[in-house]
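Engineer: Provided below are the primary sequence and the corresponding predicted coordinates.
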Amino acid sequence: MTDIVQVPAISPETKGRSLFQLAALRFRRNRAAMAGCVMLALIALFSFVGPFFSPHSYDQVFPSYVSIGPSLEPRPDTSTLQEVMESVAARARVTLEDFKVEGEAFTATVSSEEPIDPRATRYFDRANEFEHTKVVATEDDGRRLKLEGQVDREYFPFGTDSNGRDLLVRVMLGGQISIAVGLLASLVSLGIGVVYGATSGYVGGRVDNVMMRFVEILYSLPFVFLVVVLVVFFGRSFILIFLVIGAVEWLDMARIVRGQTLALKRREFVGAAQALGLTDWQIIRRHIIPNTIGPVIVFVTVVVPKVILLESFLSFLGLGVQAPLTSWGALISEGANNIQSAPWLLIFPAIFFVVTLFSLNFVGDGLRDALDPKDR
C-alpha cells in the first residue's frame, strides 16, 4: 500500500511595508492631523483660487461703501437709492424731478435753468450705485433730460474696510502673503540650518566650537532691531520679510540637526562609509542629512506657524508688507484699531489666522507621532 504524501498548500507571499508606508498609515489614522490637512487645503484654495472668482480686486475702492458690515444682501438697499440719486444730481448741478427703480433698471428726469450737457451722465456712472447711464429723451431745448441706466448691485459678505475695499478679497490676499512667507522662510531656514548643523556636528572639534559660538552670537541679536535696521536700509518689501525671518529661524534648525548628527556619526553605517573612502561631504550628503529628515520634517511644521506669527507681528508693528498689499497680521492690526466701530475687520482675518495655526500644529503632532521610532 502506497503512503499518500500530503503537500502543504503554498500560501501567497506577504507583501512587506516600508517604514515610509507604515508612517503614512499611522498618520492617516490620526483624525486630528487629517482634519488639519483638510483645513489647510481649504484655506489654501480660498486664498489662492478664490480671487479668480471674485468680481472685486484687492485694491478696488468703493467710496459709497465705506466700513459697511458683513451681509449676504446686495448693496445698495433700494430704500437708499432716492437719497443717493439726489446727492449725485446735486453734484451734477441739476434738479432731480422724478426717479423710479424697476428691478435692476432705473429712470430719472433731471432739469436745469440752462441747457444740460449730456456728458453730465458721467456723474451718475461715477457713483458705485449706478452704471450705464444714458440720455433717452431731451425736452425744453435741452433743459430737461430723461435718463435710463442700471443699478449696480455689489455683494460684500465680509463687509468693507475703512477705505471702502472688499474685506473678503483682502483676507484672500492676506492668506496668500502669510502662507507664502511662512513656506518660503521655512525653506530658507531648512536649507541653511540642515547643512550648517550637519557640517558642525559631523566635523566636530574646533570647527564645531567656532560654528556654534557664531550661532550663539546671532541668538543674542534682537530680532526686531535687526528687522528695523534692514527695513531702514532696504525698504519694506515682501522678499526682504521672508529672507530676514528665514535668516533668523535657521538657528534653531541648525542646533537640532547638530544634535541628531552627533548621535548619527557614531553609527556603524557611518564607519562603513569612512572605511570605503567617502569624503566628509559625501557622508554628510548621503548618510547624515537623509537620516535627519524625520525630526526636520516635524520641526518644519512647527517653524511654519512660528514664521506666520513673526510676519504678523512685524505687520502689526507696521514693518511688514506695504499697502495696498496686506497680510493677516496687517488686517488684524487694522481691525484692532477699529474694534469698537467695525469689529468684523478683526474677526474675519483672526478666524482664518487661528484656524491655520491650529491646523499646522495638528499636522505637526501627527507627523511627530507617525515618525517616532518608538512607535515603529
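Structural biologist: Yep, that arrived. Here the structure is a predicted model, which is why all the values come from computation and not from measurement.
Engineer: who touches Leu251 in this structure?
Structural biologist: Counting by C-beta atoms under 8 Å, 6 or more residues apart in numbering, Leu251 makes contact with Gly193, Val215, Leu218, Tyr219. Quick note: C-beta positions are derived from backbone N, CA and C, even for glycine.
Engineer: so how far is Phe27 from it?
Structural biologist: Separation of Leu251 from Phe27 (C-beta to C-beta, to the nearest Å) stands at 28 Å.
Engineer: Out of the contacts of Leu251, list just those in helices.
Structural biologist: Members of the contacts of Leu251 lying in helices (criterion: DSSP state H): Gly193, Val215, Leu218, Tyr219.
Engineer: what about Val231, how many neighbours?
Structural biologist: Number of residues near Val231 (other C-beta atoms under 10 Å) recorded here: 18.
Engineer: Assign the closest residue to it other than its chain neighbours to helix, strand or coil.
Structural biologist: In space, and not counting its chain neighbours, Val231 is closest to Leu319: 5.6 Å by C-beta to C-beta, 6 or more residues apart in numbering. Assigned with DSSP: H, G, I helix; E, B strand; the rest coil, Leu319 falls in the coil class.
Engineer: looking at it, Leu319 is touching Val227, isn't it?
Structural biologist: Yes: between Leu319 and Val227 there is a contact at 5.8 Å, judged by C-beta atoms under 8 Å.
Engineer: Of the two, give the one with the bigger neighbour count.
Structural biologist: More neighbours surround Val227 than the other of Leu319 and Val227, with 22 against 19 (other C-beta under 10 Å).
Engineer: How much space separates the more buried one from Ile241?
Structural biologist: Taking C-beta to C-beta, one finds Val227 at 8 Å from Ile241.
Engineer: list residues touching both of these two?
Structural biologist: The contact lists of Val227 and Ile241 share Leu314, where a contact means C-beta under 8 Å, 6+ apart.
Engineer: burial count for Val38?
Structural biologist: Val38, neighbours per other C-beta under 10 Å, totals 11.
Engineer: next one: the one 4 residues further on
Structural biologist: The number of residues packed around Leu42, counting by other C-beta under 10 Å, is 12.
Engineer: what's the helix or strand for it?
Structural biologist: When elements are assigned from DSSP states H and E, Leu42 belongs to helix 31-48.
Engineer: what is the rounded mean pLDDT of that helix?
Structural biologist: Averaging pLDDT along helix 31-48 yields 91.
Engineer: What lies in contact with the helix or strand that it is followed by?
Structural biologist: Downstream of helix 31-48, the next assigned helix or strand under DSSP H and E is strand 71-75. Strand 71-75 has contacts (C-beta under 8 Å, 6+ apart) with Tyr65, Ile68, Arg153, Glu154, Tyr155, Phe156, Pro157, Gly159.
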